[in-house]
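S.K.: Give the three-dimensional model of this entry:
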Amino acid sequence: MTGALDRVGVIGGGAWGTALAQVCGRAGRGVTLWAREPEVVEAVNLRHENGVFLPGVPLDPMIRATGEMSALADSDFILAVAPAQHTRAALSAFAPHARPGLPIVLCSKGVEQGSLKLMTEVLAETVPQAAAAVLSGPSFAGEVARGLPTAVTLACADEALGWALAEAIATPTFRPYLAGDLAGAEAGGAVKNVLAIACGISEGRGLGRSAHASLITRGFSELTRLAIALGGHAETVAGLCGLGDLVLTCSSPQSRNMSVGLALGGGQTLEQALAGKLSVAEGVASAPAVRDLARRLGVETPICEAVAAILAGEVGVDDAIRGLLARPLREET
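M.R.: Residues are numbered from 1 along each chain as shown. Down below sits the predicted model:
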C-alpha cells in the first residue's frame, strides 16, 4: 500500500517548477521548493512570487522555498523539474537524502547530451532507490500557475502508486490521466520540443499554414517511430504527452522552443535567438541528442535531423527546407 502523499518536494525553481509547486499547494499538499538561485528563494518566501521566472503570478503563501537539498528529505514524493541537461546534477545532489522507494516524478522533457539517455535512465543511475514516474503533457507554466484548465499524462509502472500520485496533485483545474508507459511519455516530451523549433522556423519564414500542419503531422510520425523504438507504445504518444503536447508547443509563440524557431526563421542567428532568455528552450539542447539517439536506433527522423543541423550551423534554413522537400516520394504509413 502507498502511504499518505501529503508533503511534496519540488526540485527546480524555474517557471515550470514554480507552477507545479502552485498546483500542489492548491491540492492541499505541503510544498518545499528547492531553487538554485538565492533571489528566487528569497522572493518566494518573503513576497510569495517568483519574479525571475514567473512574474505576475501570486504564489500560495504555504509554499516554502529553500536552497538546501536536505530540506526535501522528509518529502513524501518529489517532483524533479530541473532542466533536462541539469537533471543528473540535481538528482545526484539530492540522492543522499532519498530514502528507498521514494517516488520521484520526472517533469523535464529532453534527451541528455552525451549519454543520449532519457530522464528515467538518468534517475536509475543517480537515485536507484527511487520509484520513478513521468509527468508530461500540454502545459504552459503561466497558465497552469494561474489555475487555467490543464490535462497531463502521469506515467508510472506501479499502478497503485500512479493513482496515489495522481490524486495527490489533481485539482479542479489540473487533471492527470494515468498511463503505464514511461518510455512513450518521455519520448513524446523530448521530441516535441525539437519539432516546435521546426514549426517556428516555418512560421518565421512565412511558409504558410499548410506547411505548418504538414510539419506537425510528419513530425508526429517521427515522434511515434522513436517512441516505439525506445519501447514505448503508439497509443501513449497519441495522447496528451505526445500529440497533445506537440499541438500546443508547435502552435503558439508562447512556447519557448517555437519562439527560438521563429527567430531563426526570421533570419536571426542562434545566439541572437537565445540572447536575454532566462528560461531554457529544451529543444535546443535536445535536438542533437535526439538526432544521435535516432541514428543509434536506426529510426528515420528527417525533420529532427534538419533542426539539429540548422542549430549546429551545418546547413542554412533555406537549404534545410529544400532538402526536406526534395526527399524521395514514399507511402505515408
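
S.K.: What segments of this structure are strands?
M.R.: With DSSP state E, the ranges of strands along the chain come out as 7-11, 30-34, 64-66, 77-80, 103-106, 131-136, 150-156, 174-179.

S.K.: what comes up buried for the shortest one?
M.R.: Using 16 or more other C-beta atoms under 10 Å as the test for burial, strand 64-66 gives 65-66. C-beta coordinates here come from the backbone N, C-alpha and C atoms, glycine included.

S.K.: Determine which residue lies closest to the centroid of this structure.
M.R.: residue 109 (2.8 Å; C-alpha atoms, centre = their mean).

S.K.: Show the pLDDT at it.
M.R.: Residue 109 carries a pLDDT score of 93 in this model.

S.K.: show me where pLDDT drops low in this structure?
M.R.: Within the chain, the stretches with pLDDT under 70 are 1-2.

S.K.: Give the buried residues for the longest helix along it.
M.R.: The residue-count maximum for a helix in the chain (DSSP state H) belongs to helix 182-204. Residues of helix 182-204 classed as buried by neighbour count (16+ other C-beta under 10 Å): 182-204.

S.K.: can you pull out the helices in the stretch 201-333 of the chain?
M.R.: 209-229, 234-237, 245-249, 256-265, 270-274, 282-297, 302-311, 317-325 (DSSP state H, counting those that start in this stretch).

S.K.: Serialize the ones you listed to TSV and add fields for mean neighbour count and distance to residue 171.
M.R.: Shown next, in TSV, are the helices of the stretch 201-333 of the chain (neighbours: other C-beta atoms under 10 Å; distance: least, C-beta to C-beta, whole Å):
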stretch	mean neighbour count	distance to residue 171
helix 209-229	19	29
helix 234-237	21	24
helix 245-249	23	19
helix 256-265	24	24
helix 270-274	14	34
helix 282-297	22	25
helix 302-311	23	34
helix 317-325	15	42
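
S.K.: For residue 71, which of these is the nearest?
M.R.: helix 282-297 (26.4 Å; C-beta to C-beta).

S.K.: Mind putting the strands of the chain into JSON lines with distance to residue 117?
M.R.: Below are those laid out as JSON lines (distance: least, C-beta to C-beta, whole Å):
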{"stretch": "strand 7-11", "distance to residue 117": "18"}
{"stretch": "strand 30-34", "distance to residue 117": "23"}
{"stretch": "strand 64-66", "distance to residue 117": "28"}
{"stretch": "strand 77-80", "distance to residue 117": "14"}
{"stretch": "strand 103-106", "distance to residue 117": "12"}
{"stretch": "strand 131-136", "distance to residue 117": "13"}
{"stretch": "strand 150-156", "distance to residue 117": "17"}
{"stretch": "strand 174-179", "distance to residue 117": "20"}
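
S.K.: just so I know, which of these lies nearest residue 305?
M.R.: strand 131-136 (23.1 Å).

S.K.: Tell me which other helices or strands the closest one touches.
M.R.: In terms of contacts (3 or more C-beta pairs under 8 Å, 6 or more residues apart in numbering; DSSP states H and E), strand 131-136 is packed against strand 103-106, helix 119-126, strand 150-156, helix 159-169, helix 182-204.

S.K.: Note down every partner strand of the first one and its orientation.
M.R.: I take that to be strand 103-106. strand 77-80 (parallel), strand 131-136 (parallel) (DSSP bridges).

S.K.: Dump these into a markdown table; add mean neighbour count and distance to residue 247 as well.
M.R.: Shown next, in a markdown table, are the strands paired with strand 103-106 (neighbours: other C-beta under 10 Å; distance: least, C-beta to C-beta, whole Å):
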| stretch | mean neighbour count | distance to residue 247 |
| --- | --- | --- |
| strand 77-80 | 27 | 24 |
| strand 131-136 | 26 | 14 |
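
S.K.: hmm, back to that, do you know which of the helices and strands packed on strand 131-136 lies nearest residue 218?
M.R.: Closest to residue 218 of the helices and strands packed on strand 131-136 is helix 182-204 (C-beta to C-beta; 9.2 Å).

S.K.: Distance from the chain centre to the closest one, please.
M.R.: Helix 182-204 sits 10 Å away from the centroid of its parent chain (C-alpha atoms, centre = their mean, to the nearest Å).

S.K.: re the thing from before, could you dump the strands paired with strand 103-106 into CSV and include distance to residue 274?
M.R.: Below are the strands paired with strand 103-106 laid out as CSV (distance: least, C-beta to C-beta, whole Å):
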stretch, distance to residue 274
strand 77-80, 24
strand 131-136, 24
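
S.K.: TSV please, covering the helices of the stretch 201-333 of the chain and showing distance to residue 127.
M.R.: Output for the helices of the stretch 201-333 of the chain, formatted as TSV (distance: least, C-beta to C-beta, whole Å):
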stretch	distance to residue 127
helix 209-229	24
helix 234-237	24
helix 245-249	25
helix 256-265	27
helix 270-274	31
helix 282-297	21
helix 302-311	29
helix 317-325	39
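
S.K.: Can you say which of those is nearest to residue 151?
M.R.: helix 245-249 (10.7 Å).

S.K.: what's in contact with that closest one?
M.R.: 136-140, 188-189, 192-193, 195-196, 216, 219-220, 223, 255, 257-258 (C-beta atoms under 8 Å, 6 or more residues apart in numbering).

S.K.: repeat for stretch 84-99
M.R.: 11-12, 69-70, 72-73, 78, 80, 82, 104, 106, 108-113, 119, 122-123, 125-127, 129-130, 190, 280, 282, 285-286.

S.K.: Kind regards, and thank you for your time.
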